[in-house]
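Peer 1: After the sequence you'll find the predicted model.
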Amino acid sequence: MNLCKVVVLVLLNLINQGISAQVFPTKNYSKNYFIWPVKATPALAANFGELRPNHYHMGLDCKTEKKQNLPIIAAADGYIAKVKIEPWGFGRAIYINHANGTTTLYAHLNAFYTDLENYIKEQQYKQKSSNVFLDIPPHTFDVAQGREIAKSGNTGGSQGPHLHFEIRDTKTDNVLNPLLFGFPIIDNVAPTILRLAIYDRCFSTYEQTPKYIAIQKVNGVYQAAFTTINTDKVSFAVTAHDRYTGSSNQNGIYEAILLDDEKPIVGFQLDSISYDETRYLNAHIDYKVKASGGPYLQHLSMLPGYPEGMYKMVNGDGVINLEDDSVHHIKILIKDANGNTSTLKIDVQRKLNGVQKSIESFALQQKKLFIPGYVNIFESTNCKFYLPENALYDSLRFRYAEIQSNTGNTIYQLHTAVVPIQTYFPVSIKSASPIPNKMVMQRFYKDKIDYKKTVFNNGWHTSMFRDFGNFQLILDTILPTINPLAGFKNGVNYSKQTAIKFVVLDNTEDLEFTAMLDGNWLSFSNDKRKIFIYTFDEKCGVGEHELKILVKDMVGNLSEKIYRFSR
């Protein structure tokens, strides 16, 4: 690269940094407070802010060399404040509070260190629950930086061995971007921009297909051809990813800024996100495109029903007004957490022969209009629901149908699940069931199925859901089945085995599993809700024993098995 090109690139970077500073304040996170939290070569499987189904990835996925049981260490001095054990989500996790006002989280762990493991086990037996979320009194377990606190694993929602690591603001519980804290991940690679989409914002984003604009990289800058469009208002979205030096992993981007004629309009930055707002990812992306099998498109504008969140409005919400018929010189800056920046340019103009507004079909006009920011109500003879005012991100023409299934049940089609909903909402179906307390409402769409117990009132069964789709009532009188594994049965001598295992099956979800050994509650782990496992310990000594297993489904159908065995 010659000297002139170097100078140009340096100047462009300085200009971009100046634009970024106009939109987002500088972060002042400590660069030397934390150390890498796993005894392995620092490497990432995923970064903060990656796009996932219904949420942002809220930390770093630290590689553990595709192994389990590597040492996990405290990233800084502090004390263990919380421990969580759950079948999904974090699996087994530790939270450590630090003197600088932050909390670090370590998830998908296997065994905790001995003293902590013993404490947790004692609390599980006190609560008679294997799944716990414990607040531990301050300084009960102080840890020094570099102290081993657990072994790495693959528990919970993990799809392969790794450590999920987060840094949170202890006071607000907002999750901060760990890559801003100076961890030893070398990154000299600017983000890659794969796709540019443009929207006619005279209409809802849910009732159109975006227009894709071809882009190419010329002299280090992404360029799109001059584009005319038949509308007064447009917005943009991009598909982009980042990677760090020496890695082929496609990670998430950190920041994007939209400019019109060099004037910053709006931007988003993926830092300081709370778990309460992470579902707003569904307003940050074109959910309809993704749910229909397309790519992730990140909006460079705010949908009407989306609070400011990680967006920062400077001169509007990102919707560009084209009514002046002039050429708008659009620039999009995409950054990673290390400041590496990619630029995309496109010139856009309204068609000079005037805007030809699309005319909605008469059938569509007859559909009920749902508007974000309002309570939206639907009622038919046998089905009704309402959406709270913060449920929708953009408007839609609601579609409804009743379909008779092969089983004789009526299926109620509530719009389509390719339109996202932010909050839970009540769905009610009318039915004269002879056993109302055994009714379950099923929601299904493609291969996704949810079950919820209903509340019966004056002929209506009601359950809470968070997605549109197809709904029907099911009478559930089927008992769960209890299936022992590895030869465990009544009367068996099990002295040569190390654990007792069960698979429990049911026609619905959310089973309650209870085990009693010689009349006392016994802890069975249940990672990923697949197999219930008790590993022999001091709770089951040598001799004769009675094990009672009770499994109850969401409507109270109860199965019970008793096994007498010896060790």
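Peer 2: Arrived safely, thanks for sending. Everything numeric in this text was worked out from a predicted model, so none of it was measured.
Peer 1: what's V143 in contact with, if anything?
Peer 2: Shown in contact with V143 (C-beta atoms under 8 Å, 6 or more residues apart in numbering): A74, D77, G78, Y79, I80, I96, I149. In short, each C-beta sits where N, CA and C put it, glycine included.
Peer 1: Looking at the residues you listed, which are in strands?
Peer 2: Counted as lying in strands by DSSP state E, out of those, are G78, Y79, I80, I96, I149.
Peer 1: among the residues you listed, which two are most distant?
Peer 2: Greatest spatial distance among these (C-beta to C-beta): Y79 and I149, at 11.1 Å.
Peer 1: and for those two, which residues touch both?
Peer 2: Counting by C-beta under 8 Å, 6+ apart, the contacts common to Y79 and I149 are I96, V143.
Peer 1: And stretch 371-381, what's buried?
Peer 2: Within stretch 371-381, the residues that count as buried by 16 or more other C-beta atoms under 10 Å are I371, P372, Y374, N376, F378.
Peer 1: With stretch 37-44 instead?
Peer 2: P37, V38, A40, A43, L44.
Peer 1: and if you look at stretch 487-506?
Peer 2: Applying a neighbour-count criterion of 16+ other C-beta under 10 Å, the buried positions in stretch 487-506 are F488, Y494, I500, K501, F502, V504, D506.
Peer 1: Can you give me the end-to-end span of stretch 108-121?
Peer 2: 18 Å (C-alpha to C-alpha, to the nearest Å).
Peer 1: how near is K438 to L475?
Peer 2: Taking C-beta to C-beta, to the nearest Å as the measure, K438 falls 6 Å from L475.
Peer 1: Please read the previous query as pertaining to M313.
Peer 2: From M313 to L475 the distance is 51 Å (C-beta to C-beta).
Peer 1: what are the phi and psi angles of C540?
Peer 2: phi -130, psi 90 (degrees, to the nearest 10).
Peer 1: How many residues are close by it?
Peer 2: Around C540 there are 18 other residues, counting by other C-beta atoms under 10 Å.
Peer 1: who's in contact with it?
Peer 2: L517, L522, Y534, R567.
Peer 1: which of those residues tops the neighbour count?
Peer 2: The most crowded member of these, judged by other C-beta under 10 Å, is L522 (21 neighbours).
Peer 1: burial count for P484?
Peer 2: 17.
Peer 1: Identify the bridge partners of it.
Peer 2: Listed beta-bridge partners, P484: F502 (assigned using DSSP bridges).
Peer 1: Surely it and Y563 touch.
Peer 2: Yes. With contact defined as C-beta atoms under 8 Å, P484 and Y563 form a contacting pair (7.3 Å).
Peer 1: Please enumerate the helices of the chain.
Peer 2: Using DSSP state H, the helices of the chain run over residues 3-23, 114-127, 281-284, 287-291, 362-365.
Peer 1: now the strands for the stretch 351-500 of the chain?
Peer 2: Secondary structure of the stretch 351-500 of the chain (DSSP state E, counting those that start in this stretch): strands located at 368-370, 376-379, 383-387, 396-398, 400-404, 410-414, 420-430, 439-445, 448-453, 455-457, 460-467, 469-475, 481-484, 499-505.
Peer 1: mind putting those strands in CSV, mean pLDDT included?
Peer 2: Listed next are the strands of the stretch 351-500 of the chain as CSV, based on pLDDT from 0 to 100:
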stretch, mean pLDDT
strand 368-370, 95
strand 376-379, 98
strand 383-387, 98
strand 396-398, 97
strand 400-404, 96
strand 410-414, 97
strand 420-430, 98
strand 439-445, 97
strand 448-453, 96
strand 455-457, 96
strand 460-467, 98
strand 469-475, 97
strand 481-484, 97
strand 499-505, 97
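Peer 1: quick one: which of those strands is nearest Y287?
Peer 2: Comparing those by C-beta to C-beta, strand 420-430 comes nearest, at 4.4 Å.
Peer 1: Need the contact partners of that closest one.
Peer 2: 279-280, 282-283, 287, 291, 305, 381-388, 390-393, 412, 414, 441, 443, 459-468, 471-473.
Peer 1: List the strands paired with that strand, with their directions.
Peer 2: Taking DSSP bridges as the criterion, strand 420-430 sits next to strand 383-387 (antiparallel), strand 460-467 (antiparallel) in its sheet.
Peer 1: which one of these lies closest to I120?
Peer 2: strand 460-467 (31.4 Å).
Peer 1: Output that closest one in CSV with nothing but the alpha carbons.
Peer 2: Only the C-alpha atoms of strand 460-467 are listed here, as CSV (Å, rounded to 0.1, in the frame of the first residue of the first chain):
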residue,chain,number,x,y,z
TRP,A,460,-63.7,-19.6,28.4
HIS,A,461,-60.3,-21.2,28.7
THR,A,462,-57.4,-18.6,28.9
SER,A,463,-53.6,-19.0,28.6
MET,A,464,-50.7,-16.5,28.2
PHE,A,465,-48.5,-16.6,25.1
ARG,A,466,-45.9,-14.5,23.5
ASP,A,467,-46.2,-15.4,19.8
